[in-house]
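Undergrad: Based on what follows, work out the 3D shape:
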Amino acid sequence: MMGLSTTHQGGALTMKFKQNDKQNQRIERISTSHLVVGIDIAKETHVAQATNFRGIILSKRHLSFSNTIEGFEKLERWIDGLQQKHRLKGLIVGMEPTGHYGYNLANWFADKGKSVVMVNPATTKRNKENRDNSPSKSDPKDALVIADVVSRGFYYEYSQQAIVFQRLKT
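TA: Numbers count the residues shown, from 1 in each chain. Got it, this is the predicted structure:
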C-alpha cells in the first residue's frame, strides 16, 4: 500500500514539474523587446492595454476600438506607435475567449502572422486583485490584468480553425 501512494505522489510531482516547465517556456518566450497587449473582448467595443514584459504600463491610457476592420486597424496603428516609441520589436496579443466575439480579431492578427494567445477567464478573475488590491471590474482594468497574466505565462496558443468553421462562428 505504501509503495502505491509513493508512486502516485511521485507521478503528481512529475506532472507538476512538466507544468512548471511549460509555463517557464511561455514566460521565456516573452523577451525584453516584446510589447504585451491585453484585450478585453466585448460584443461591439473592445478595450486594449499595453505593457512591457514586466507588466509596466506603456500607454498613457487604454484604447477602445470597435469590433470592425476599422477598429482592428486603429488598434494596429496604436500598437505600431507604442512599439516605435518604446523600441519594441516583438508583439504578443492576449485575450479571453469570450463567446465568439474575439474570433474575428484573433483570426485577423493570426492572418498577419502576429502571436495571439488566449487567457482563461477564471485566471483573469483570480488575478484582478493583484494589480490594485481591489476586486472591482472595468474593461481597462481587465485588459491590463490580461496583459499581466500573459507576461507571467498563464496563457495558451490560439489556433486558427478551418475557414469553414471560422465562417460559421462569425
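Undergrad: shouldn't S66 be in contact with T45?
TA: Yes. Between S66 and T45 there is a contact under C-beta atoms under 8 Å: 5.8 Å. The way it works is simple: take the backbone N, C-alpha and C, and place the C-beta from them, glycine included.
Undergrad: quick one: common contacting residues for those two?
TA: Listed contacts common to S66 and T45 are nil; contacts here mean C-beta atoms under 8 Å, 6 or more residues apart in numbering.
Undergrad: Okay, and the beta partners of the closest residue to S59 other than its chain neighbours?
TA: Of all residues not flanking S59 in the chain, A50 sits nearest, at 4.7 Å (C-beta to C-beta, 6 or more residues apart in numbering). Taking DSSP bridges as the rule, A50 bridges to V37.
Undergrad: what sits against A50?
TA: A50 touches L35, V36, V37, G38, I57, L58, S59, W78, I79, L82, A147, counting by C-beta under 8 Å, 6+ apart.
Undergrad: mind running it again at 6 Å?
TA: Residues in contact with A50 (C-beta atoms under 6 Å, 6 or more residues apart in numbering) are L35, V37, L58, S59, L82.
Undergrad: most neighbours, which of these?
TA: V37 (28 neighbours; other C-beta atoms under 10 Å).
Undergrad: Would you mind confirming that that residue makes contact with G90?
TA: No. At 11.2 Å, V37 does not count as touching G90 under the criterion of C-beta atoms under 6 Å.
Undergrad: With just CA atoms, put stretch 43-53 into CSV.
TA: Output of stretch 43-53 as CSV, limited to C-alpha atoms (Å, rounded to 0.1, in the frame of the first residue of the first chain):
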residue,chain,number,x,y,z
LYS,A,43,-19.7,42.4,-28.4
GLU,A,44,-19.2,45.8,-30.0
THR,A,45,-16.3,47.7,-28.4
HIS,A,46,-13.1,46.0,-27.2
VAL,A,47,-10.6,47.6,-24.9
ALA,A,48,-6.8,47.2,-25.1
GLN,A,49,-4.0,48.0,-22.7
ALA,A,50,-0.2,47.6,-23.3
THR,A,51,2.7,46.6,-21.0
ASN,A,52,6.2,45.5,-21.4
PHE,A,53,7.4,42.1,-20.4
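Undergrad: pLDDT score assigned to the nearest residue to V47 once chain neighbours are set aside?
TA: Closest residue to V47 apart from its sequence neighbours, by C-beta to C-beta, 6+ apart: D139 at 3.9 Å. For D139, the model assigns a pLDDT of 80.
Undergrad: burial measure for D139, as a count.
TA: 18.
Undergrad: Show the backbone phi and psi for it.
TA: Main-chain torsions, D139, degrees, to the nearest 10: phi -60, psi -40.
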